[in-house]
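Colleague: Quick check, what structure comes out for this input:
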Amino acid sequence: MKESVSYQYMFNKAKIEGERSLLLSHLDRHFDSIPRTVSDKIKALDDEPILSEILELAFTAQSKAEFLKAFRALKI
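Modeller: Purely as a prediction, here's the structure:
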């Protein structure tokens, strides 16, 4: 069954919001805090593949410095 365009839009929007929320929550818990500039950039992202890539970085980085270096290399 083919979903409506409206349904697809809402589904994708909810998925992005969920990934963004999970990412920010993980960063706060795993690294204590992150610079506001980084969290602001993450909050502004609507690109699901980029959010997924950042989420992967957040879960694999061994330190806050390692995450921030990899994040900044993305040139977002």
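Colleague: The residue sitting nearest the centre point of the chain: what's its closest spatial neighbour, skipping adjacent residues?
Modeller: Residue closest to the mean C-alpha point of the chain, counted by Cα atoms, centre = their mean, is Leu51 at 3.8 Å. Spatial nearest neighbour of Leu51, chain neighbours left out: Glu19 (4.6 Å); criterion: Cβ to Cβ, 6 or more residues apart in numbering. All C-beta atoms are positioned from the backbone trio N, CA, C, and that covers glycine.
Colleague: The helix or strand that neighbour falls within packs against which elements?
Modeller: Counting by DSSP states H and E, the element that carries Glu19 is helix 5-31. Under the contact definition 3 or more Cβ pairs under 8 Å, 6 or more residues apart in numbering; DSSP states H and E, helix 5-31 sits against helix 36-44, helix 48-60, helix 64-73.
Colleague: Would you mind putting the CA coordinates of the longest one into PDB?
Modeller: Just to be clear, that refers to helix 48-60. This file holds the C-alpha atoms of helix 48-60, laid out as PDB (Å, rounded to 0.1, in the frame of the first residue of the first chain):
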ATOM      1  CA  GLU A  48      18.500  12.300   8.200                       C
ATOM      2  CA  PRO A  49      21.600  10.800   6.700                       C
ATOM      3  CA  ILE A  50      23.800  13.500   8.300                       C
ATOM      4  CA  LEU A  51      22.100  13.000  11.700                       C
ATOM      5  CA  SER A  52      22.600   9.200  11.400                       C
ATOM      6  CA  GLU A  53      26.300   9.800  10.700                       C
ATOM      7  CA  ILE A  54      26.700  12.100  13.700                       C
ATOM      8  CA  LEU A  55      24.800   9.600  15.800                       C
ATOM      9  CA  GLU A  56      27.300   6.900  14.800                       C
ATOM     10  CA  LEU A  57      30.200   9.300  15.700                       C
ATOM     11  CA  ALA A  58      28.600  10.000  19.100                       C
ATOM     12  CA  PHE A  59      28.300   6.300  19.900                       C
ATOM     13  CA  THR A  60      31.800   5.300  18.700                       C
END
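Colleague: Specify the angle between it and helix 36-44 in degrees.
Modeller: Counting by axes from the mean of the first three to the mean of the last three Cα atoms, to 10 degrees, helix 48-60 lies at 140 degrees to helix 36-44.
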